[in-house]
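# mind looking at a prediction? Sequence and model below.
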Amino acid sequence: MSTKPTTTEFEWTELDQRAVDTVRVLAMDSVQKVGNGHPGTAMSLAPAAYVLFQKLMRHDPADADWTGRDRFVLSAGHSSLTLYIQLFLAGYGLELDDLKAFRTWGSKTPGHPEYGHTTGVETTTGPLGQGVANAVGMAMAARYERGLFDPDAARGSSPFDHYIYAIAGDGCLQEGISAEASSLAGHQKLGNLIMLWDDNHISIEGDTETAISEDTVKRYEAYGWHVQRVEPKENGDLDPEALFRAIEAAKAVTDKPSFIAMRSIIAWPAPHAQNTEAAHGSALGEEEVAATKSVLGFDPEKHFEVTDEVLAHTRGALDRGRDAKKEWEKSFAAWRTANPERAADFDRIAATELPEGWEDHLPVFETGKPVATRAASGKVLHALGAVIPELWGGSADLAGSNNTTIDKTSSFLPEGNPLPEADPYGRTIHFGIREHSMAAEMNGIALHGNTRIYGGTFLVFSDYMRNAVRLSALMHLPVTYVWTHDSIGLGEDGPTHQPVEHLASLRAIPGLNIVRPADANETALAWREILRRYTKKFGVGAPHGLALTRQGVPTYPANEDTAKGGYVLFDAEGGEPQVVLIGTGSEVQLAVEAREQLQAAGVPTRVVSMPCVEWFEQQDQEYRDSVLPPSVKARVAVEAGIGLTWHRFVGDAGRIVSLEHFGASADGKVLFREFGFTADAVAAAARESLEAAAR
């Protein structure tokens, strides 16, 4: 990011003030028209958002995806009008009719900002605190991107230098995820991150004194942030010039993220609604809207009033954006000329293509040799890390268990960190014991673009991550969650660490693909398919969760149909299959052993490995029927978790060998035996299913 001010002088005209007051009018009218929403914060934040979009940020409304742009994250997503109105004024494509359609069916202005739905929205926000962590992830990605393409440039001189701006509210900073993310940001010394805190002292239940009394500014000082407080003007309104000066001061601090506390009055200057909890999430009412318009010098009888003069003034952002982009393109062209190999990498990565021949580096594992799938995953990452430089990631302090260290000699850590492997552009991220923010930071990294991110922890701790994982799916983001210790097979750590309901629960998230490979070769092929799917050629993206074993499992011959999510691992002998055994992960071996018993008893038996239900269901009906013939009613599914996933696959005559209770503390092999996960139990279930199918 440039350390020079965007403009050396601050200019604030009557037209600027009129534009800010127009924002307030539009916020009131939009909520009043639909009858619900959050007007108060959009009214009070109007000067801050205006200063960013009209005075400070480097952005081009005509090209919302420009690589060199600054990013803006509205963590306080309930105040979506704060963003929508700035997008309208600046010329991103929203028009007055879109504001009139606020929160209605099919509109471009939904209740909370949605990535991919509205041009100019950088991330989906709403669950409080998520945006803070997204912004931290974006700032991390910006640094790593610079390391990929322009690591030797002087600070502030690279075309890959830019800022991440965020606006957070009281609710964002009360949610624990923001504390996790802010702690990491301070540790990482993310000088490209500037966060404005809307300190309005109001939440849904009233004055924030109901719930919090800490000194938030000192908390951020303790995190290692550069902090400032901006006081309002005498009339209670935010002071645009003071905000401008504070942000310029923040940009001059390059070795710390910046935190700017803005004392505001919610719903300012509404005569009766300002500084009330009602203004947070309810329409102000026609009388209060009219009274506020009078205070601001607008006609109380007019609605959605935007003068041509105001709109022409704010649409000047298009000209400024075009000029800024042209200036950046000169710098970018000079960089391309000086760095042809890196430029070729940039073009490939920006197109979401993978290096030529990358698949040749995937390991192939020896058949028969027991290997934990977490260990196989680690070998895949080591192999691919050498040829896919944009692939990076780490773990929530469990790298040794998750096998997620892509490069032991290169840790993503800031200048000044004492560890010998510290590198501001390092490959391995140490997220710390912060699973929730890790997931949201991964979302921010993916949203920023030009890298491929993964992150690991134990499967049971996906509960901490769930809201951010859900947002990954909602946004169709190419993030990979590496979840290890995937069953009671992890053993002595006991039921607190043994996932039972997690696989079924995660499969219930629309758009999330859960991949539970049976062995080392399936693990390698699963990674290959995941990376293939993270390309524009594949279409709409989706996050993936890899569920991997702690314990060793037998290795079977590699089968290309792994990429189809389900396939015939071993087919029936001696005739058409009479029963089909379906397994995932470490339980596939039980299905294989049960098949041997049944075949010996004269029962032709097919074993289907189904590493990914979602991939399988994306196949055409003909393929699915070839794997699970409709004529074969006798079926058994076996998985060391609750059986919720499998009813639709086994049918009325089928049986499920599952775990419908919590685990216990003992050796994993003992637990499998005691809880009925044996080849004998699977074979017995198959006989029951055969009898039921014959009725």
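Everything's here; your move.

# how about the helices in the stretch 101-250 of the chain?
130-149, 170-174, 176-188, 216-223, 240-252 (DSSP state H, counting those that start in this stretch).

# shaky segments in the stretch 51-200 of the chain?
Within the stretch 51-200 of the chain, no stretch falls below the threshold (pLDDT under 70).

# thought Thr584 was touching Ala518?
Yes. Look at Thr584 against Ala518 with C-beta atoms under 8 Å: they come within range, at 6.8 Å. Heads up, the C-betas are built off the backbone N, CA and C, glycines and all.

# list residues touching both of these two?
609, 611 (C-beta atoms under 8 Å, 6 or more residues apart in numbering).

# give me the phi and psi for the residue nearest to Asp397 when sequence neighbours are not counted.
Counting by C-beta to C-beta, 6 or more residues apart in numbering, the nearest residue to Asp397 once its immediate chain neighbours are dropped is Ile433, at 4.7 Å. Per-residue torsions, Ile433: phi -80, psi 70 (degrees, to the nearest 10).

# how many neighbours does Ile433 have?
For Ile433, the neighbour count with other C-beta atoms under 10 Å is 13.

# if I look at it, how far off is Thr41?
Counting by C-beta to C-beta, to the nearest Å, the separation of Ile433 from Thr41 is 32 Å.

# kindly report the same for Leu74.
Distance from Leu74 to Thr41, by C-beta to C-beta: 10 Å.

# more neighbours: these two, which one.
Leu74 (30 against 27).

# can you report how many residues neighbour the closest residue to the more buried one other than its chain neighbours?
Spatially, and ignoring its direct neighbours in sequence, Leu74 is nearest to Leu83 (4.7 Å; C-beta to C-beta, 6+ apart). Residues lying near Leu83 (other C-beta under 10 Å) number 29.

# try Ala422
16.

# what residues are bridge-paired with it?
Ser411 (DSSP bridges).

# so Ile23 sits against Leu83, correct?
Not Ile; residue 23 is Val. No. Taking contacts as C-beta under 8 Å, Val23 lies outside contact range of Leu83: 11.0 Å.

# enumerate every residue touching the spatially most central residue of the chain.
Among the residues of the chain, the one closest to the centroid is Asn443, at 2.3 Å (C-alpha atoms, centre = their mean). Counting by C-beta under 8 Å, 6+ apart, Asn443 touches 123, 130, 133-134, 137, 468, 471-472, 475, 477, 479.

# switch to 10 Å and redo it
115, 123-124, 130-131, 133-134, 137-138, 453, 468-469, 471-472, 474-475, 477, 479, 543 (C-beta atoms under 10 Å, 6 or more residues apart in numbering).

# before we move on, back to that, can you check which residues contact both of Leu74 and Thr41?
Common neighbours of Leu74 and Thr41 (C-beta under 10 Å, 6+ apart) are 80-82, 167, 169.

# same list (the residues you listed) but as a markdown table, adding neighbour count.
Converted to a markdown table, the shared contacts of Leu74 and Thr41 look like this (neighbours: other C-beta atoms under 10 Å):
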| residue | neighbour count |
| --- | --- |
| Ser80 | 27 |
| Leu81 | 32 |
| Thr82 | 26 |
| Ile167 | 29 |
| Gly169 | 28 |
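
# how about these, which pair is most distant?
Leu81 and Gly169 (13.7 Å; C-beta to C-beta).

# okay, now the unreliable bits of the chain?
Short version for the chain, where the test is pLDDT under 70: 1-8, 537-540.

# switch the cut-off to 80
1-8, 535-540 (pLDDT under 80).

# which SSE is immediately downstream of the longest helix along it?
Determined from DSSP state H, the single longest helix within the chain is helix 316-338. Where DSSP states H and E defines the elements, the next helix or strand beyond helix 316-338 is helix 340-350.

# and that next one, how far out from the chain's middle?
Put simply, helix 340-350 sits 25 Å off its chain's centre (C-alpha atoms, centre = their mean, to the nearest Å).

# may I see the buried residues of that helix?
Within helix 340-350, the residues that qualify as buried by neighbour count (16 or more other C-beta atoms under 10 Å) are 342-343, 345-346, 349.

# ranges for the strands of the stretch 51-200 of the chain?
With DSSP state E, counting those that start in this stretch as the criterion, the stretch 51-200 of the chain has strands at 71-74, 164-169, 193-199.

# how far off centre is the longest one?
For strand 193-199, the separation from the chain centroid amounts to 21 Å (computed by C-alpha atoms, centre = their mean).

# partner strands of that strand, parallel or antiparallel?
strand 164-169 (parallel), strand 258-263 (parallel).

# report the angle between that strand and helix 240-252.
Calculated by axes from the mean of the first three to the mean of the last three C-alpha atoms, to 10 degrees, strand 193-199 forms an angle of 150 degrees with helix 240-252.

# then strand 193-199 to CSV, C-alphas only?
Taking Å, rounded to 0.1, in the frame of the first residue of the first chain, the C-alpha atoms of strand 193-199 are listed here in CSV:
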residue,chain,number,x,y,z
LEU,A,193,-5.6,-3.2,7.6
ILE,A,194,-7.6,-0.2,8.9
MET,A,195,-10.7,-0.8,11.0
LEU,A,196,-13.2,1.8,12.0
TRP,A,197,-15.3,1.1,15.1
ASP,A,198,-18.7,2.6,15.3
ASP,A,199,-18.8,3.3,19.0
